[in-house]
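Chemist: Following is a predicted model, sequence given first.
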Amino acid sequence: MAAVLQSILRAVLPPQCLACRAPVTEDWALCPDCWRDTPFIAGLVCDGCGTPLPGEEPEGRRVLCDDCLALARPWARGRAAMLYDGTARKLVLALKHGDRLDIARPAGAWLARAAAPILVPGMLVAPVPLHWLRLLARRHNQSALLAAWLARTAGLEHCPDLLVRTRPTGTQEGRSRAARFAALEGAIRPHPRRGARARGRHVLLVDDVMTSGATLAAAAEAARSAGAAEVSVAALARVTHRD
C-alpha cells in the first residue's frame, strides 16, 4: 500500500531539482546543469578548514592553508563540502533565509561525505547556535538541521543545544577579520545543562558557511571549556580569498 501511495505521489508531484526545480529522477537531487555549477570540494584540502589546495596529498603528513598556518585554530581538523559560489551559494541562502528546509537532508549527506576523513566513532555532533531572537525570527537554525542530517547519515550522536549564544552578534557580512573575531568573543557558551555532554568527547561542530572561522572558533572554545577532549569542525560551504 505504501508503495502504491508513493507512486501516486510521484505522479502528482514528480521530483524536482533542489536549485532550479527542473525535473529529476529522484528526490533531493540536483539536475545535471545545477550539479555542474555546484563547486563541490574534492582532491587535496587543508586539514584545518577544508579549503581546496593545489597538488596531491602527501602520505602521512597534514597539509594546512596559509590561514590555518597563520592562525591558532582552537580545533583539530576541519572539512567543507563545497565553495560558497554558484549553485552552492544559492542553496545555502535558500536554506538559511528561504525556508527551504528540504535542502538540509541532501546537504547534510554531502557534508557527511566531505567530513568522512575526520569522523571518529563516538563523536558528538553539535551545531553552531543562534541567539534566541534570531531563532525566533528565522524559525529554524540551519546549522542544527545540517548537523542532524550529518549525524544521522554518519550514525553519530547529535546534541542540537550543546552550546548557546548568549547575546546577539549581528551579521558578520562586511566585517573585517579582526571585527568578526571581536564580535564573537565570549558570545557562545556551553548550555547550562546539556553542555556537560561534551566532557571527554570528541565534538564535531557544524555550521552552514565558514569565512574567517570566527564563529566556529568561538564555538570551539565553548566546547573546550565544557570539557571536550577534542574539537573538529565541518561547514557546508567555505568562503575563500576573503579578509
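Modeler: Looks like it came in fine.

Chemist: count of neighbours near His97?
Modeler: The tally of other residues near His97 (other CB atoms under 10 Å) stands at 10. Every residue, glycine included, has its C-beta placed from N, CA and C.

Chemist: do the one 10 residues further on as well
Modeler: Using other CB under 10 Å, Ala107 has 27 neighbouring residues.

Chemist: Report whether the expected contact of it with Ala147 is present.
Modeler: No. Using CB atoms under 8 Å, Ala107 is not in contact with Ala147, being 10.9 Å away.

Chemist: Do a quick rundown of the helices in the chain.
Modeler: Counting by DSSP state H, the chain has helices at residues 2-12, 32-36, 66-70, 86-97, 104-115, 132-138, 142-154, 177-184, 214-225.

Chemist: Please dump the ones you listed into TSV; it should also carry mean pLDDT for every row.
Modeler: Below are these laid out as TSV (pLDDT from 0 to 100):
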stretch	mean pLDDT
helix 2-12	54
helix 32-36	97
helix 66-70	93
helix 86-97	96
helix 104-115	98
helix 132-138	90
helix 142-154	98
helix 177-184	80
helix 214-225	97
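
Chemist: could those helices go into JSON lines alongside distance to Val125?
Modeler: Converted to JSON lines, those look like this (distance: least, CB to CB, whole Å):
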{"stretch": "helix 2-12", "distance to Val125": "30"}
{"stretch": "helix 32-36", "distance to Val125": "26"}
{"stretch": "helix 66-70", "distance to Val125": "22"}
{"stretch": "helix 86-97", "distance to Val125": "18"}
{"stretch": "helix 104-115", "distance to Val125": "9"}
{"stretch": "helix 132-138", "distance to Val125": "19"}
{"stretch": "helix 142-154", "distance to Val125": "4"}
{"stretch": "helix 177-184", "distance to Val125": "21"}
{"stretch": "helix 214-225", "distance to Val125": "11"}
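
Chemist: out of these, nearest to Ala126?
Modeler: Of all those, it is helix 142-154 that lies closest to Ala126, at 6.4 Å by CB to CB.

Chemist: Dump the C-alpha coordinates for the closest one into CSV.
Modeler: Extracted C-alpha coordinates of helix 142-154, given in CSV (Å, rounded to 0.1, in the frame of the first residue of the first chain):
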residue,chain,number,x,y,z
GLN,A,142,20.0,25.9,9.5
SER,A,143,23.2,24.7,11.2
ALA,A,144,21.2,22.5,13.5
LEU,A,145,19.3,21.0,10.6
LEU,A,146,22.6,20.2,8.8
ALA,A,147,24.1,18.8,12.0
ALA,A,148,21.1,16.5,12.5
TRP,A,149,21.3,15.1,9.0
LEU,A,150,25.1,14.7,9.1
ALA,A,151,24.8,12.8,12.4
ARG,A,152,22.0,10.6,11.0
THR,A,153,23.9,9.8,7.8
ALA,A,154,27.1,9.0,9.7
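
Chemist: so what does it touch, helix or strand wise?
Modeler: helix 86-97, helix 104-115, strand 124-127, strand 157-158, strand 202-210 (3 or more CB pairs under 8 Å, 6 or more residues apart in numbering; DSSP states H and E).
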